[in-house]
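Peer 1: Using only what follows, build the 3D model:
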Amino acid sequence: MMPWWGWLLLGLFFLLAEMLTPGGFYLIFFGAGALIVGTLAGLKFTGPEWTEWLLFSVFSIGALLFFRKPLLKRFQTANMGKEIDSLVGEAAVALDQIAVDAIGKVELRGAAWNARNVGESSVARGQRCKVVQVDGLTLSVRNE
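Peer 2: Presented below is the predicted three-dimensional model:
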C-alpha cells in the first residue's frame, strides 16, 4: 500500500512534469488526482490499496474529461491558427528594375526579398511597390 505522502509526492511529480513539458493539460489532472488521494489517505478515508487506485483513476480521468477543454480554451490566444504577421499590403522598395512577370529584389522591413512583379507595368529601382501576395520567400508586388 502506498503511504499518503507517496501519493502527495506522485502528485507533485505530475504537476512538475506538466510545467516542464509542452503539452495540452494532461498531467496536471493526474497530479491533482494523486494529491486528492494523498489527502484522503492521510485522513484515513480511502480503505484498501485498490480503493486508492480506483479513486486516483476516477478523479484523474473525470477531471481530465470535464476540465481540459475549458482550460485549453482559457489559455489559448485569440490569434491561434491565424496568421500572426502578414506582409500583404505593406510597401516595399525595389532594389532592382523589375519588369512585368520578372523576378527582382525588394527591400521590406530592412531585409532584401525576392519579388515577382505581378503588376501591369514595370517597377523602377527605388520605387515603392505594394506586396499583394507571399509565396514562401518570394513576394508578389505591383506598383502602388
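
Peer 1: how does the chain divide up, domain by domain?
Peer 2: Domains of the chain are assigned by automatic domain parsing as 4-75, 91-143.

Peer 1: got TSV for those domains, with mean neighbour count and mean pLDDT too?
Peer 2: C-beta: built from backbone N, CA, C; applies to glycine. Listed next are the domains of the chain as TSV, based on neighbours: other CB atoms under 10 Å; pLDDT from 0 to 100:
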stretch	mean neighbour count	mean pLDDT
domain 4-75	16	92
domain 91-143	15	93
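
Peer 1: mind listing the strands for the protein?
Peer 2: 91-94, 103-108, 111-117, 128-135, 138-143 (DSSP state E).

Peer 1: closest one to residue 57 among these?
Peer 2: Taking CB to CB, strand 128-135 is the member of those nearest to residue 57, at 49.4 Å.

Peer 1: Now do the closest one against strand 111-117, angle only.
Peer 2: 90 degrees (axes from the mean of the first three to the mean of the last three CA atoms, to 10 degrees).

Peer 1: Show me what strand 128-135 pairs with in its sheet, parallel or antiparallel.
Peer 2: Strand 128-135 has its sheet partners listed here by DSSP bridges as strand 91-94 (antiparallel), strand 138-143 (antiparallel).

Peer 1: right, so of the ones you listed, which gets closest to residue 15?
Peer 2: strand 138-143 (46.5 Å).

Peer 1: quick one: contacts of the closest one?
Peer 2: Contact with strand 138-143 is made by 87, 92, 94, 98, 103, 106, 108, 113-121, 123, 127, 129-134, as judged by CB atoms under 8 Å, 6 or more residues apart in numbering.

Peer 1: how does it look with 7 Å?
Peer 2: With contacts defined as CB atoms under 7 Å, 6 or more residues apart in numbering, strand 138-143 is touched by 87, 92, 106, 113-119, 121, 123, 129-133.
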